[in-house]
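A.B. asks: Generate coordinates for the sequence data below:
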Amino acid sequence: MIEIQLQGIVLKNGKVSISDSIVSVCIKGHAQQSIRGNDVVCAGVSALSQSVAMALEYYTIVQSISQQAGKLEFAVDISSLNDIQRLQCESIISVFIIGINEIKKQYNEYIAIYSKE
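C.D. replies: Prediction:
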């Protein structure tokens, strides 16, 4: 199972918002939906999460990224961002949340999402 731990990200009434302090995402595990190399759930989650992490890095928003086999973590100190960076961060994180939730709708038994505020 892929476990996704969110901190500082709130989904309320279909709208994604971020906290005023730290936003972090930790994705770990494997879906095991199919054999290695053919697992569409792992491929989808990996492509989406790595794209989001790279976009946050590209816009110099992310403070830390850690990637190991089967695990990706990234964090943003929201209080250190200017208004434009905050808007970019919220937009990028929104894309991530929307995308992950769409994958979860189709493959619910392979993805668990946990939220800490």
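
A.B. asks: Is the residue of the chain positioned farthest from its centre in a helix, a strand, or coil?
C.D. replies: Distance from the C-alpha centroid of the chain peaks at residue 35, with 23.8 Å (CA atoms, centre = their mean). Under DSSP: H, G, I helix; E, B strand; the rest coil, residue 35 falls in the coil class.

A.B. asks: For it, give me the pLDDT.
C.D. replies: Looking at residue 35, its pLDDT stands at 78.

A.B. asks: again, but for residue 117
C.D. replies: At residue 117, pLDDT is 64.

A.B. asks: Distance of the residue farthest from the centre of the chain relative to residue 97?
C.D. replies: As judged by CB to CB, to the nearest Å, residue 35 and residue 97 stand 29 Å apart. (C-beta placed from N, C-alpha, C; glycine too.)

A.B. asks: Equivalent analysis for residue 3, please.
C.D. replies: From residue 3 over to residue 97 (counting by CB to CB), the distance is 15 Å.

A.B. asks: Direction included, what does the helix or strand bottoming out on mean pLDDT in the chain pair up with?
C.D. replies: One helix or strand of the chain scores below all others by mean pLDDT, DSSP states H and E: strand 9-12, with a mean of 86. If you go by DSSP bridges, strand 9-12 pairs up with strand 15-18 (antiparallel).
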